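Engineer: sequence first, predicted coordinates after that:
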Amino acid sequence: MKKVYLLSKVDEDKCVGDRFCENVCPTRAIRMVNKKAVVDESKCAGCLHCLDACGEGAILVLAREEPLVLGVDTSEMDSAEISDLCKRAMLDPEDRICVCMNIRAREVAGAILQGAATPEEVSFLTGVRTSCGMWCMAPVQRLLQAHGDAADPEKGYRWYPVHTGVWDIPEEVARKYPEYRLEEDRTQFREGTLENLVSIFKAK
């Protein structure tokens, strides 16, 4: 869950319509109208990516009158369905998808099961990708792909499709390049002993 206290607004006099702000918005809150950026206040997650991307100084940051709460309550959802989706994405429901916001795989899976079919829709429902945005995009895509909702970004959008995990690498490739220890990593992953960022956080 994320509470959003800030809101982006566009200074139309400074906006040149270069779409940079639109392309980095994780919730699709920014759209071009008559060659000017317009912010949908109901969808702005206050990530300030647009502020960083705009070279014209056209983005203003305001305080919201009331915080916007992003989050999916999975307590009333089918836990077996959530676990199954996470398992197909090679994730544990308690894995932290977004370490900045402490958003777990079960919440992202819940958003997808409620109808979110793109990374932007998942971000709007959960708040994932609305902080640093570096760690969480790959597991979000894995969950979407496991649900059958794999999609490519629109032209210009600042994210890239993820298609390969250590479990996807063919056996012949692992054997051909033993120096990369792919089979060892795959075995440790299946056993739950592969040390990575998620396992480090789970140990704390």
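Structural biologist: Noted; the coordinates are in hand. Numbers count the residues shown, from 1 in each chain.
Engineer: which stretches of this structure have low pLDDT?
Structural biologist: Applying pLDDT under 70 to the chain picks out residues 163-164, 194-204.
Engineer: burial measure for residue 55, as a count.
Structural biologist: Neighbour count of residue 55, defined by other Cβ atoms under 10 Å: 9. From N, CA and C alone the C-beta is placed, and that goes for glycine too.
Engineer: in this structure, which spans are helices?
Structural biologist: 20-24, 49-53, 79-88, 105-113, 119-126, 137-146, 171-176, 182-191, 197-203 (DSSP state H).
Engineer: biggest strand in this structure, by residue count?
Structural biologist: Of all the elements of type strand in the chain, the one with the most residues (DSSP state E) is strand 59-70.
Engineer: picking up where we left off before, out of the helices of the chain, the one nearest residue 38 is which?
Structural biologist: Nearest of these to residue 38, taken as Cβ to Cβ: helix 20-24 at 9.5 Å.
Engineer: how about the closest one: buried residues?
Structural biologist: Buried positions in helix 20-24, judged by neighbour count with 16 or more other Cβ atoms under 10 Å: 20, 21, 22, 23, 24.
Engineer: quick one on the thing from earlier: buried ones in the longest strand of the chain?
Structural biologist: Judged by neighbour count using 16+ other Cβ under 10 Å, the buried positions of strand 59-70 are 59, 68, 70.
Engineer: got a list of what the nearest residue to residue 71 once chain neighbours are set aside touches?
Structural biologist: Nearest residue to residue 71, sequence neighbours excluded (Cβ to Cβ, 6 or more residues apart in numbering): residue 1, at 3.2 Å. Counting by Cβ atoms under 8 Å, 6 or more residues apart in numbering, residue 1 makes contact with 69, 70, 71, 101, 103, 107, 126, 127.
Engineer: run a quick neighbour tally on residue 94.
Structural biologist: By the criterion of other Cβ under 10 Å, residue 94 has 11 neighbours.
Engineer: check the one 4 residues further on too.
Structural biologist: By the measure other Cβ under 10 Å, the count of residues near residue 98 is 26.
Engineer: you'd agree it is up against residue 135?
Structural biologist: Yes - Residue 98 sits in contact with residue 135 when judged by Cβ atoms under 8 Å, with a separation of 7.1 Å.
Engineer: related to what we said a few turns ago, make a markdown table from the helices of the chain and add distance to residue 12 to it.
Structural biologist: Output for the helices of the chain, formatted as a markdown table (distance: least, Cβ to Cβ, whole Å):
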| stretch | distance to residue 12 |
| --- | --- |
| helix 20-24 | 13 |
| helix 49-53 | 14 |
| helix 79-88 | 42 |
| helix 105-113 | 33 |
| helix 119-126 | 24 |
| helix 137-146 | 31 |
| helix 171-176 | 53 |
| helix 182-191 | 50 |
| helix 197-203 | 41 |
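Engineer: out of those, which is the most enclosed?
Structural biologist: helix 105-113 (a mean of 26; mean count of other Cβ atoms under 10 Å).
Engineer: what packs against that one?
Structural biologist: helix 79-88, strand 96-98, helix 119-126, helix 137-146 (3 or more Cβ pairs under 8 Å, 6 or more residues apart in numbering; DSSP states H and E).
Engineer: that concludes my questions; thank you for your assistance.
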